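> here's my sequence, what's the structure:
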Amino acid sequence: MEILHNGFTLQTNPGCFPLSTDSMLLSGFVSLPKNARILDLGSGCGTLGLLLCAADESCRVSGVELEPSAHEAALGNIQRNSLGTRMESICGDIRGIASLFPAGSFDCCVSNPPYFTGGPASEAAPLARRDDCCSPEELFQAAAWALKFGGTFFLVHKPERLAQLCGIACACKLEPKRLQLVRHQPGGPVSLILLACRKGAKPGLQWEELCLFDQTGQPTPQYRKIYHL
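Residues are numbered from 1 along each chain as shown. Presented below is the predicted three-dimensional model:
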């Protein structure tokens, strides 16, 4: 059982993706309008929805998750945290997003998607970490369908996929507007990227950097803020 901000709790079933730095960073990167309606694409056991509901009491989150066990865990987390009026989990496929929601239903989309491409080399990785059922193209197409004009898609990914992600985003009319480079230590390699893409926006990309630990190995102020320390 993980204790989150404001007393919320997260329970993961065996085989579900646990609370990760990726999800914590993404929840801290997301900027929400008041009373935001949010769609979590590949929502797992509801981690991102819980983190966002804990940070903003006005938002509402719908999650779509393919794996039944993760969906069941999400339902348990929603009930345990008394979020039945603010959060829902749907066991479904983001590739069929048009059958789940009308176009333009959401202010924001979020995703901590699979990082690894499908194929023999990735077969040992859990499905939640492979893009066999959730390619970048399918992910951005789902976000483009679900978002209102001017809505924003926030996601976390690996830096080596950045050029691919930006190309796909633009093809889906989701303009990259914010890019945050995440390093574990000053001068170290970029380990993660956080990307915000706005539907129908004009070109113009803002670059940011985030470092998790200082040169002595201590958490930086940014890290402490993200983890509510």
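> looking at this protein, which helix or strand is least sure?
Scoring the helices and strands of the chain by mean pLDDT, DSSP states H and E places strand 2-3 at the bottom, with a mean of 86.
> now do it: which elements does it pack against?
Judged by 3 or more Cβ pairs under 8 Å, 6 or more residues apart in numbering; DSSP states H and E, strand 2-3 is in contact with strand 9-10. To be clear about C-beta, it is placed using only N, CA and C from the backbone, and glycine gets the same treatment.
> what pLDDT, on average, does the strand it packs on get?
Average pLDDT, strand 9-10: 94.
> and that strand, what does it pack onto?
Packed against strand 9-10 by the contact rule (3+ Cβ pairs under 8 Å, 6+ apart) you find strand 2-3, helix 68-80.
> now do 6 Å
If contacts are counted by 3 or more Cβ pairs under 6 Å, 6 or more residues apart in numbering; DSSP states H and E, strand 9-10 sits against no helix or strand.
> and the next helix or strand past it?
Using DSSP states H and E, the helix or strand that follows strand 9-10 towards the C-terminus is helix 21-29.
> off-centre distance for that next one?
Distance of helix 21-29 from its chain centroid, counting by Cα atoms, centre = their mean, to the nearest Å, is 8 Å.
> who touches it?
With contacts defined as Cβ atoms under 6 Å, 6 or more residues apart in numbering, helix 21-29 is touched by 47-48, 51-52, 112, 156, 180, 194, 226.
> farthest-separated two in those residues?
Within the contacts of helix 21-29, two members stand farthest from each other by Cβ to Cβ: 47 and 180, at 19.1 Å.
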